[in-house]
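Engineer: Please work out how this folds:
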Amino acid sequence: MEWIALSLLALVLIWAIWIYNRLVKKRNRVHTAWSDIDVQLTRRHDLVPNLVSIVERYTEHERSTLESVTTLRTRAIATDSPARLGKIENELEALLGRLLMLREDYPDLKASDNFRQLADRLVDVENHLQYARRFYNGAVRDLNTLIGQFPDLLIARAFQFQEAEFYAADVHHRSAPQVEQA
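Structural biologist: Here you go, the predicted model:
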C-alpha cells in the first residue's frame, strides 16, 4: 500500500514539474516576443526624427502633424504597458501614414531620395512589426490559456504566474474597407 502512495506522489510531482516547465516556456516565449516588438518599435522610433526633419524641409502647412508625430513618439518611448503602447503606436502609425501620403501633395518631397529611402525603411519596419505583434499576441494567448485552464491553473497560482497583456489591436483595420463607386 505504501508503494502505491509513493507512486501516486511521484506521478503528481512529475505532473507538477511538467506543468511548471510548460508555464516557464510560455512565459519566456512572451518575453522573447515582446523583445521582438521592442526591436521593431525602436527601429521605427529611430526613423521618425529623420522623417520629420525631411518633411519639415518641404512642407510648411503640416506643422501640427509633425508635432503630433514627435509627441506620440515621446509618449511611446516612455510607455511600458503593451495595451497602452499599442494604442499610442496605432495613432503614430496612422500619422506616419499621413506623412508618407504627403509626397503626393509635395512633388519636391516625392523626388527626395532621402525621403524615398526612409519611406521604404519605414514600410519594412511596419511589415516586421506586424509579424512581431501577431507572434507576441499568440504567445500571450497561449500563456494566458495555460494559466487559466484546470488543472494547470493550480500550478500557475502556486507559483504566482501572471497573465500577460495583449498588444492592443489596431482598430482601423477591424472594419471592412470602404470601396469608392466609379
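
Engineer: Longest helix in this protein, by number of residues?
Structural biologist: With residue count as the measure and DSSP state H as the assignment, the chain has helix 2-58 as its longest helix.

Engineer: can you count the residues close to His120?
Structural biologist: Not quite, residue 120 is Asp, not His. Each residue near Asp120 was counted by other CB atoms under 10 Å, and the total is 10. Glycine gets a C-beta too; all of them are placed from N, C-alpha and C.

Engineer: do the one 10 residues further on as well
Structural biologist: As a burial measure, the neighbour count of Gln130 was computed by other CB under 10 Å and equals 14.

Engineer: Equivalent analysis for Ile19, please.
Structural biologist: Residue crowding around Ile19 was assessed by other CB under 10 Å; the count is 19.

Engineer: go on, Met1?
Structural biologist: 5.

Engineer: what does the model give the residue most central in space within the chain for pLDDT?
Structural biologist: Nearest to the mean C-alpha position of the chain, by CA atoms, centre = their mean, lies Arg133 at 4.1 Å. Listed pLDDT for Arg133 reads 92.

Engineer: In space, what's closest to it - neighbours in sequence excluded?
Structural biologist: Residue nearest to Arg133 in three dimensions, not counting chain neighbours: Tyr167, with 5.3 Å by CB to CB, 6 or more residues apart in numbering.

Engineer: Appreciated, that's everything.
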